[in-house]
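**Student:** How does the following fold in three dimensions:
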Amino acid sequence: MAKRILIALDESENAARAVSIVAEAFDKDTEIILLSVIPKMVAACELNEPTLTVHFKSEQSLFCQVEGHKENILGEALQRAKDKLLEAGFKKEKITAHLTKQQKSIANDIVSKAEQLNADIIVMGRRGLSGFKEFFLGSVSHKVLQLCKDKSVLLAQ
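**Tutor:** All right, here's what the predicted structure looks like:
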């Protein structure tokens, strides 16, 4: 049985289901690591190329605002997850929450954190994006599955 579970969260319903699965199916003495990765928006915010279109430049400041807003949303998702686990009977001292800024890719950051913290299993929603976005950007859960060599991954749908 898993002794340390990393739950990768965004604000999606599937991420909330992942928390519910852990709350219902795992031993209440298990150590839980909640992780949300803030997507990197700063690159678009800081672009200053003469070739940028006028429309992009006029909307560029929105990229800076989006990152702060996303951080707040993910922080709230982490708190809801923690509350749900506490309500299910998990011990407060066994639950840690990490809100980190994207370093490489979100999937790489999730797997790196799981390795760094010696998680036995990664639990996450199968899909946080809409089908259209997933087609163009790829699925984070699919990339996590590809990157995990020695860890189990449980996907909630």
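
**Student:** Look up phi and psi at the residue lying closest to residue 119 once chain neighbours are set aside.
**Tutor:** Leaving aside its sequence neighbours, residue 119 sits nearest to residue 6 (Cβ to Cβ, 6 or more residues apart in numbering; 3.8 Å). C-beta here means a position set from N, CA and C on the backbone, and glycine is covered the same way. Residue 6 adopts backbone torsions of phi -100, psi 120, taken as degrees, to the nearest 10.

**Student:** What residues does residue 6 make contact with?
**Tutor:** Taking Cβ atoms under 8 Å, 6 or more residues apart in numbering, we find residue 6 in contact with 33, 35, 110, 113-114, 117, 119, 121-123.

**Student:** who does it bridge with?
**Tutor:** Per DSSP bridges, the residues bridged to residue 6 are residue 33, residue 122.

**Student:** Tell me the confidence at it?
**Tutor:** Predicted confidence (pLDDT) for residue 6: 98.

**Student:** And for the one 3 residues further on?
**Tutor:** Each residue has a pLDDT score; the one for residue 9 is 93.

**Student:** So which residues of the protein form helices?
**Tutor:** For the chain, helices defined by DSSP state H occupy the ranges 13-25, 42-46, 54-88, 106-116, 131-137, 140-147.

**Student:** In this protein, where is pLDDT below threshold?
**Tutor:** For the chain, the stretches with pLDDT under 70 are 1, 41-67, 127-138.

**Student:** Now with 50, please.
**Tutor:** 129-137 (pLDDT under 50).

**Student:** re the thing from before, residue 14: which of the contacts of residue 6 is nearest?
**Tutor:** Closest approach between these and residue 14, by Cβ to Cβ: residue 123, at 10.9 Å.

**Student:** contacting residues for that closest one?
**Tutor:** Counting by Cβ under 8 Å, 6+ apart, residue 123 has contacts 5-8, 18, 21-22, 153-156.
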